[in-house]
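Student: Here is the input, now give the coordinates:
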Amino acid sequence: MERAELARLIGGKSAAQGAGRILASEPNPQKFMTAVARALAGDAEVFLSNPDWGALERSQCDALFSPGFVSPKLRRSEGGYLMIPTGGSSGKLRFARHDADTLVAAVRGFTRHFGLPQVNAVGVLPLYHVSGFMAWMRCVLTGGEYRPLDWKEIEGGVLPTLPAKAEGWTVSLVPTQLERLMRQERAAAWLQGFRIIFLGGAPAWPALLDRAMALRLPLSPGYGMTETAAMIAALRPAEFLAGVRSSGTILPHAQVGFDEEGGIVVGGASLFRGYYPAWREEEIFATQDGGWLDERGHLHVTGRRDSVIISGGEKVNPVEVEAALRGTGEFADVVVLGVPDAEWGQSVVAAYAAGKQPNQSRVDAALAKLLSPAKRPKRWVAIPDWPVNAQGKVNRAEVAKRLAAQL
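Tutor: Coordinates of the predicted model:
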């Protein structure tokens, strides 16, 4: 697909030619979509931007727009002109290059995997994030309806009645959003009306999945990233409701392999063109995640390899420990980190949102059944003003910073 055709589909009108860089930074979803459509109608490099970025992310982005920065010429018939941000919460903002070809490949693989010739989506995730942006693109490229909604209103009980559609409706949520909606009887009933509820952005803990299954929610946990234009593996709702627990099988447009240490390596037509301003020529991309495929071809993700804690010579996966802690029901949110320790090398520490004090006896009893001693947190630290974004996703880098300050 040509860039002009993509711009036409999303409502872009002809724009003056002349290469440049355009920043799409607008909190209102409708205005954001209009701005992106207008920008893509020209031949500029278009950067999606979070209007709530802090000074660090803003300065990193501004450096790309400084008068002294020379942008490399577009190549491959305008390839790589759409820049989607990634990595801001880690303190190192980067933009992954995409274009019409990578987006179309991702959408086609998605529709084939789920048997959805037309996608209708409710959007509660921000459009500058790949999950929110691709929900919009799926609707655009299949002739479906995209309806942006305000998350705070949804969380507050404003649950719109959606018009009947032959292919139903989909929605993408992060685990924290799902957990908050399942607390409310009306919201849970509203979710039951969707054809598919995509779950991503962070690991989901077992207790959350069990509650969703008990409510018969059509959940689809998956695996993907900005670099792959969202999901490349996903569990179908029927499989989830049958008790399968994985990230599902690989979508038709993608390939997944593993390096010698079990790291996930991905390829396929939706793979990004490089981190701006650089270009990448490789046909595969080595992620920072570990995982494995079972005998049915289902992907299991074990978490980021660079976040593994080594305590007393034992490897501790924070994702596993966090899942066990959330399963106790004693924490509104929790992050497990490794801090320097003179005796053990690293000590496992659990940082949690200050407020309700967890029942330590209940937590200890639960962890004794689930985790080996080396994996159990040695210290517990309450963090005031728990740092989360508007969708409830925690800023792990900021938690680590505040934890270090307290310790």
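
Student: Now do the domain split for the chain, please.
Tutor: 1-303, 308-406 (automatic domain parsing).

Student: pLDDT score for Pro206?
Tutor: Pro206 carries a pLDDT score of 83 in this model.

Student: ok, back up a step: let's have the domains of the chain in CSV, adding mean neighbour count.
Tutor: Glycine gets a C-beta too; all of them are placed from N, C-alpha and C. Output for the domains of the chain, formatted as CSV (neighbours: other Cβ atoms under 10 Å):
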stretch, mean neighbour count
domain 1-303, 18
domain 308-406, 17
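
Student: C-terminal to the strand or helix carrying Gln255, what's the next element?
Tutor: Assigning secondary structure by DSSP states H and E places Gln255 in strand 254-258. Using DSSP H and E, the helix or strand that follows strand 254-258 towards the C-terminus is strand 263-268.

Student: where are the low-confidence patches of the stretch 251-400 of the chain?
Tutor: Along the stretch 251-400 of the chain, segments meeting pLDDT under 70 span 342-343, 390.

Student: residues in contact with stretch 205-220?
Tutor: 114, 175, 178-179, 182, 188, 191-192, 194-199, 221, 234-237, 240-241, 243, 245, 248, 322-324, 326-327, 329 (Cβ atoms under 8 Å, 6 or more residues apart in numbering).

Student: got the CA positions of that stretch in PDB?
Tutor: Provided in PDB are the C-alpha atoms of stretch 205-220 (Å, rounded to 0.1, in the frame of the first residue of the first chain):
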ATOM      1  CA  TRP A 205      -1.300 -12.500  37.100                       C
ATOM      2  CA  PRO A 206      -3.000 -15.900  37.400                       C
ATOM      3  CA  ALA A 207      -5.700 -14.700  39.800                       C
ATOM      4  CA  LEU A 208      -6.800 -12.000  37.400                       C
ATOM      5  CA  LEU A 209      -7.100 -14.500  34.500                       C
ATOM      6  CA  ASP A 210      -9.000 -16.900  36.700                       C
ATOM      7  CA  ARG A 211     -11.500 -14.200  37.700                       C
ATOM      8  CA  ALA A 212     -11.900 -13.200  34.000                       C
ATOM      9  CA  MET A 213     -12.600 -16.800  33.100                       C
ATOM     10  CA  ALA A 214     -15.200 -17.200  35.900                       C
ATOM     11  CA  LEU A 215     -17.000 -14.100  34.500                       C
ATOM     12  CA  ARG A 216     -16.800 -15.700  31.000                       C
ATOM     13  CA  LEU A 217     -15.000 -12.700  29.500                       C
ATOM     14  CA  PRO A 218     -13.800 -13.300  25.900                       C
ATOM     15  CA  LEU A 219     -10.200 -12.500  26.800                       C
ATOM     16  CA  SER A 220      -7.200 -12.700  24.400                       C
END
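
Student: and that stretch, how far from the chain's centre?
Tutor: 18 Å (Cα atoms, centre = their mean, to the nearest Å).

Student: residue boundaries of the helices in this structure?
Tutor: Here the chain has its helices, by DSSP state H, at 3-9, 29-40, 55-63, 100-114, 130-142, 151-155, 175-182, 185-191, 206-214, 237-241, 318-327, 360-370, 396-406.

Student: nearest to Leu93, of these?
Tutor: helix 55-63 (4.4 Å; Cβ to Cβ).

Student: What angle do helix 396-406 and the closest one make with each other?
Tutor: On the basis of axes from the mean of the first three to the mean of the last three Cα atoms, to 10 degrees, helix 55-63 is oriented at 140 degrees to helix 396-406.

Student: What is helix 55-63 packed up against?
Tutor: If you count contacts as 3 or more Cβ pairs under 8 Å, 6 or more residues apart in numbering; DSSP states H and E, helix 55-63 packs onto no helix or strand.

Student: you'd agree Leu299 is up against Ala233?
Tutor: Yes. With contact defined as Cβ atoms under 8 Å, Leu299 counts as touching Ala233 (4.4 Å).

Student: Please enumerate the shared neighbours of the two.
Tutor: 223, 247-250, 256.

Student: possible to save those residues as a markdown table with distance to Gly42?
Tutor: Listed next are these as a markdown table, based on distance: Cβ to Cβ, whole Å:
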| residue | distance to Gly42 |
| --- | --- |
| Tyr223 | 34 |
| Ser247 | 38 |
| Gly248 | 38 |
| Thr249 | 39 |
| Ile250 | 36 |
| Val256 | 36 |
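
Student: measure His300 to Glu330 for me?
Tutor: Distance, His300 to Glu330, using Cβ to Cβ, to the nearest Å: 26 Å.

Student: what about the residue lying closest to Met231 once chain neighbours are set aside, distance to Pro126?
Tutor: What sits nearest to Met231 in space, not counting adjacent residues and going by Cβ to Cβ, 6 or more residues apart in numbering, is Gly224, at 3.6 Å. Distance of Gly224 to Pro126, given as Cβ to Cβ: 16 Å.

Student: And for Pro218?
Tutor: 23 Å.
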